[in-house]
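> Mind folding the following:
(one chain, ligands or ions: 1)
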Amino acid sequence: KVSIEEKRWTLNDFEIRKPLGRGKFGHVYLAREKKSNHIVAIKVLFKSQLKQSQVEHQLRREVEIQSHLRHPNILRLYGYFYDQTRVYLILEYANKGELYKELQKCKYFSERRAATYIASLARALIYLHGKHVIHRDIKPENLLLGVQGEVKIADFGWSVHTFNRRRTMCGTLDYLPPEMVESVEHDASVDIWSLGVLCFEFLYGVPPFEAKEHSDTYRRIVEVDLKFPPKPTVSSSAKDLISQMLVKESSQRLPLIKLLEHPWIIQNADPSG
Ligand SMILES: Nc1ncnc(NCCc2cnc(NC(=O)Nc3cccc(C(F)(F)F)c3)s2)c1Br
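Coordinates of the predicted model:
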């Protein structure tokens, strides 16, 4: 029996049911695999667009990275196929749809709901970082909701494998070019910062460094101009956690393991995620 990962798929294997949404580069459809009746999401990407944006290597990396990931809070990418003009990603279907739409509808989330999402995302990132993968694009638009309302990280189009420094460190550095000796300009702690921004946005309905002009947002980020709006429904414990994640020096950001032990998470997150 060939599993969904190995088989050479074609569009004829699927019955396209309805559009689910449109993202960058293409549309997403609900589909049923005809033989197994397996419900999946299929993202259709136009080769022409991928080519003109020179992102083919990123797509290959996404498929490669995703093929090794198995976590309840990471959306599965089962495989892909292509035809003359398009590439098709075969994805796990997230029954409860896109989290950003939920956030728009609710304006902001309760502390219990926000903490439950943040704890689940922290567990997914601990798993990812354990595999030397950084997502680098954690934001509401890349989060989906499963059948029990559990949050799932999707879209690894911007993820990278970090150099496993131990490998380069124990070997001689002599033959490594400057950019490798400096290692990647950022490490897994970029995802901790993004999670802190997400936690703020879940509770206040807007991201912390929002500004009219890009240049203002840029300045507010580099200066970590973090101001909490006066909102009685947000506890000082939540602000304490966010303040420990939105730290300029990346090595000083609260490690994800410690986040899971923070009082605000312990008191508010639903353990089942
Ligand atoms: N209810 C739902 N249930 C399941 N999925 C849904 N939407 C799709 C979510 C995605 C998961 N993974 C993705 N990946 C990419 O888009 N990758 C991508 C795309 C273009 C270019 C590139 C690259 F070339 F730049 F890397 C990489 S989109 C929905 Br709504």
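> got the residue ranges for the strands in the stretch 51-200 of the chain?
Counting by DSSP state E, counting those that start in this stretch, the stretch 51-200 of the chain has these strands, from start to end: 77-82, 86-92, 133-134, 143-145, 151-153, 160-161.
> Mean neighbour count, mean pLDDT and distance to residue 98 for those strands - can I get that in CSV?
Backbone N, C-alpha and C define where each C-beta goes, glycine included. Formatted as CSV, the strands of the stretch 51-200 of the chain follow (neighbours: other Cβ atoms under 10 Å; pLDDT from 0 to 100; distance: least, Cβ to Cβ, whole Å):
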stretch, mean neighbour count, mean pLDDT, distance to residue 98
strand 77-82, 19, 95, 17
strand 86-92, 20, 97, 13
strand 133-134, 22, 90, 22
strand 143-145, 22, 97, 6
strand 151-153, 24, 97, 11
strand 160-161, 14, 78, 24
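> Packing partners of the longest strand along the chain?
Looking across the chain with DSSP state E, the single longest strand is strand 14-23. Judged by 3 or more Cβ pairs under 8 Å, 6 or more residues apart in numbering; DSSP states H and E, strand 14-23 is in contact with strand 26-33, strand 39-46.
> Quick check, residue 127 in contact with residue 72.
No: Residue 127 is beyond contact range of residue 72, at 9.6 Å (criterion: Cβ atoms under 8 Å).
> what about these two, which has more around it?
residue 127 (18 against 14; other Cβ atoms under 10 Å).
> residues in contact with the more buried one?
When contacts are counted by Cβ atoms under 8 Å, 6 or more residues apart in numbering, residue 127 touches 69, 71, 74.
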